[in-house]
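K.L.:
fold the following for me, if possible:
(chains A, B, C, D, E and F)
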There are 4 protein chains.
Amino acid sequence: MAAVNKHAKIILAATKVFAKKGFFNSRISDIAKEAKVADGTIYLYFNNKYDILLSIFEEEVGKIFDKTQQLLSEEEDPRRMLEIFTNQHLRQMKKNKNLAEVIQIELRQTNKVIKNYRNNKFSSYINIIAEIIRKGQKQGVFRPDILPDVAKRAFFGALDEVSRVWNVSLETHYTVDEITHQVLSLFLSGILIENPGKH
Amino acid sequence: MAAVNKHAKIILAATKVFAKKGFFNSRISDIAKEAKVADGTIYLYFNNKYDILLSIFEEEVGKIFDKTQQLLSEEEDPRRMLEIFTNQHLRQMKKNKNLAEVIQIELRQTNKVIKNYRNNKFSSYINIIAEIIRKGQKQGVFRPDILPDVAKRAFFGALDEVSRVWNVSLETHYTVDEITHQVLSLFLSGILIENPGKH
Amino acid sequence: MAAVNKHAKIILAATKVFAKKGFFNSRISDIAKEAKVADGTIYLYFNNKYDILLSIFEEEVGKIFDKTQQLLSEEEDPRRMLEIFTNQHLRQMKKNKNLAEVIQIELRQTNKVIKNYRNNKFSSYINIIAEIIRKGQKQGVFRPDILPDVAKRAFFGALDEVSRVWNVSLETHYTVDEITHQVLSLFLSGILIENPGKH
Amino acid sequence: MAAVNKHAKIILAATKVFAKKGFFNSRISDIAKEAKVADGTIYLYFNNKYDILLSIFEEEVGKIFDKTQQLLSEEEDPRRMLEIFTNQHLRQMKKNKNLAEVIQIELRQTNKVIKNYRNNKFSSYINIIAEIIRKGQKQGVFRPDILPDVAKRAFFGALDEVSRVWNVSLETHYTVDEITHQVLSLFLSGILIENPGKH
DNA sequence: CATGAATGAGCGTTCATTCAT
DNA sequence: AATGAATGAACGCTCATTCAT
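P.N.:
Purely as a prediction, here's the structure:
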């Protein structure tokens, strides 16, 4: 078995285990068992437990980032770009629930090292939103008074919280497309029926 | 020192410690030291470490819930109500950064017991948003196609993610009122300059 | 309530609690609750937890010792004296099962201070048996080759083990008088049908 | 070092420590130090502290049981069998004083789980006595009015109490053979010089 | 490279004892 | 004398990490 496979197997197993039990409640032995390797083997590929978590972020979020960038590269309309981002994000989160859990849960915890997520893949990922907004403002289709760095957080927070429900409760039966439409519609047009103050 | 004070002191200390280090990285002895009581004293007021976390949620979120309800009780306009909720939430999170951290961080982790947060104070708090939306739909000022149970999550997620930045990074220098305006404006009117597709 | 009563109440409660849970598994608060006094009150009457155990021994065993001495004082026949001792012991153990437990269980444990039970009430109690044997040997009714200090232990051990069953299992349905007869008969006449080797 | 050795080393160390300090006064770290392993290593071989105690019982008592059975297998005379049992038991208790302590002390305590010692090795061991008695009764050499289930306890209790002295006090200087003779003689022929009431 | 037995630092929790009231 | 809230030392057990094989 090639080394690259072991690495991937451990990442996959750790994602599954972290998602199920949370980072702190997960044991190295749990991950080892799930990956079908010995406990010690994990330390041939990762420095420590926390390093596994970081690797998941960087690698898995990196994949989503790349995929999203690629999807957006052929699009020029900021409205469509936002739709693509939304749909792609929710779709990924639904497809890869384990990763969704890890992002959602672990993003907010551990020892603050990772929280200040500038200069990492996750930060880049979120900044895609800000870039789309800026592009729309340049094109004159998005309101110029919107602050991209505030709006990117609001938008990501909304997506994140909405998609959490997939892993936690059974209360929702909406499809990805329905949720995409709801959230996108909210952000694009707002909740008001009439927007007399708009211009 | 009256018992009620000890309880409050421990809650306060635990909130501070949890916010600083995260639940799992916090030690009972850290909380005891912060509260200036003996380790054992904590167990006179709480069943175990996790019980402290739950108590913070129920008690502190309960206070915010009550305060918010009171502020909203005199208002009839759903748009104003949403503004009041937003401003009040962001103001509380900025004022009580430790509690904000605990809510934001701990809400997503621990052993899934509290994650399914129906039937608790937190659930009630979030449902305020859904109620405001339903009221606005009845009054005909909010779009009827918006799903209140999806929108409440999107809205809370946006607020939550936006306010996180206060505790984590230094990147933002916006005031509460500016952020309130940004987020509210986004939700009410959307990001589009023109909304030809509306109604 | 007079102090003497508190002392007695605590002894009684402790005997009950120790019997039920064993010395190490018993909590001071258990005893306090059983005695209906505050935890701290116990320390007005006893130096520490272990002191309670010692007091039970000295006081309760002392009572049995006195009672037994009194019953034996009017008897001159060593055979009858042994019967009286046996019957009295088994009767007490059956009547006061809690004390029986404490004697049986706690006699063999704790920190060896008490185990070397010379110079205490329990030692005196066991020595009654040796005295009876010596008396019988002097009178020429008991075999002179029997060593009283060995036989006293064998006899007490037999009684102790036999009576344990009352507190632990349900396997026996024999009455005190039946058990008395069995044990006494064994010790007096042995298990052999014929004793040609005697004298 | 083979696993079987670690297991045995810990059993040996625990027996020693329990004998010296008693179960509740013994620390896992005491056992670990005595066995020259790390604290955590103990938990690779035993579930918890109490499990160590149970294992000592089952394993060590099992060995004595097997040895005794083997010694008795070639003997047909119940009188000789009783002598063999007695001698063998006392010899083992003198040889393995630590185990003797553990049996004597711990048998009567802990949380009553093992006290009802049917269906375990210890129960089997004691029942050897009852079987010998029944055999003697069938052969017509032991009195038929003796109840084997009462006598087995009386006999074991006598042996147990007599052998305790070896670990606790210095008062006795008798050899195993002397004690064997005393106890056996007592049980076979009784203490009376004449047994006119027999048969 | 891979293993998994062994390690031992670390922590949540308990509870005998104290002492201010 | 009596109380019971408060204390804090102590311990069973866990688990990330190491290393001999």
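K.L.:
just checking, next helix/strand downstream of the helix or strand of chain A with the lowest mean pLDDT?
P.N.:
Across the helices and strands of chain A, mean pLDDT, DSSP states H and E gives its lowest value to helix A:97-101, namely a mean of 78. Once helix A:97-101 ends, the next helix or strand along the chain (criterion: DSSP states H and E) is helix A:121-139.
K.L.:
mind listing what's buried in that next one?
P.N.:
Neighbour counts over helix A:121-139 (16 or more other CB atoms under 10 Å in any protein chain shown) mark A:121-122, A:124-130, A:132-137 as buried. Every residue, glycine included, has its C-beta placed from N, CA and C.
K.L.:
just stretch A:17-25 next, same as before
P.N.:
By neighbour count on 16+ other CB under 10 Å, the buried set for stretch A:17-25 is A:17-19, A:22-24.
K.L.:
same question, stretch A:49-64
P.N.:
Counting neighbours by 16+ other CB under 10 Å, the buried set in stretch A:49-64 is A:49, A:52-57, A:60-61, A:64.
K.L.:
now for the one helix or strand A:Arg80 maps to, which elements pack on it?
P.N.:
Element membership for A:Arg80, per DSSP H and E: helix A:78-95. Using 3 or more CB pairs under 8 Å, 6 or more residues apart in numbering or on different chains; DSSP states H and E, the elements in contact with helix A:78-95 are helix A:62-72, helix A:97-101, helix A:121-139, helix A:148-168, helix A:176-189.
K.L.:
where does the closest residue to DNA strand E within chain A sit relative to A:Ala32, distance-wise?
P.N.:
Using CB to the nearest atom of the strand, the closest approach of chain A to DNA strand E is made by A:Gly40 at 1.7 Å. Counting by CB to CB, to the nearest Å, the gap from A:Gly40 to A:Ala32 is 8 Å.
K.L.:
looking at these two, which is more packed in?
P.N.:
For A:Gly40 and A:Ala32, the more surrounded residue by other CB atoms under 10 Å in any protein chain shown is A:Ala32, and the numbers stand at 19 against 9.
K.L.:
the closest residue to the more buried one other than its chain neighbours: neighbour count?
P.N.:
When the adjacent residues along the chain are set aside, A:Ala32 lies closest to A:Asp39, with 4.6 Å between them (CB to CB, 6 or more residues apart in numbering or on different chains). Per other CB under 10 Å, the neighbour tally for A:Asp39 reads 13.
K.L.:
what do you get for A:Ala35?
P.N.:
Other residues near A:Ala35 come to 22 when the count uses other CB under 10 Å.
K.L.:
domain ranges for chain A, per the record?
P.N.:
Chain A breaks down by automatic domain parsing into domains covering A:1-46, A:53-189.
K.L.:
can you give me the distance of the closest residue to chain D within chain A to A:Val17?
P.N.:
Of all residues in chain A, the one sitting closest to chain D is A:Ser29 (12.5 Å; CB to the nearest CB). With distances defined as CB to CB, the gap from A:Ser29 to A:Val17 amounts to 10 Å.
K.L.:
show me the contacts for A:Ile42.
P.N.:
Neighbour list for A:Ile42: A:10, A:28, A:31-32, A:35, A:52 [criterion: CB atoms under 8 Å, 6 or more residues apart in numbering or on different chains].
K.L.:
output the residues you listed in TSV; the columns should cover secondary structure.
P.N.:
Shown next, in TSV, are the contacts of A:Ile42 (DSSP: H, G, I helix; E, B strand; the rest coil):
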residue	secondary structure
A:Ile10	helix
A:Ile28	helix
A:Ile31	helix
A:Ala32	helix
A:Ala35	helix
A:Ile52	helix
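K.L.:
okay if I get those as JSON lines plus pLDDT?
P.N.:
Output for the contacts of A:Ile42, formatted as JSON lines (pLDDT from 0 to 100):
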{"residue": "A:Ile10", "pLDDT": "96"}
{"residue": "A:Ile28", "pLDDT": "97"}
{"residue": "A:Ile31", "pLDDT": "97"}
{"residue": "A:Ala32", "pLDDT": "97"}
{"residue": "A:Ala35", "pLDDT": "97"}
{"residue": "A:Ile52", "pLDDT": "93"}
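K.L.:
one step back: restricted to helices, list the buried residues of stretch A:17-25.
P.N.:
A:17-19 (DSSP state H).
K.L.:
and of those, the nearest to D:Val165?
P.N.:
Within the set of these, A:Val17 lies nearest D:Val165; the separation is 57.7 Å, counting by CB to CB.
K.L.:
what's the burial count for the closest residue to A:Glu131 other than its chain neighbours?
P.N.:
Take A:Glu131 and drop its neighbours on the chain: the residue closest to it by CB to CB, 6+ apart is A:Pro148, 7.9 Å away. Other residues lying near A:Pro148 total 19 when counted by other CB under 10 Å.
K.L.:
the one 5 residues further on now?
P.N.:
Applying other CB under 10 Å, we find 27 residues neighbouring A:Arg153.
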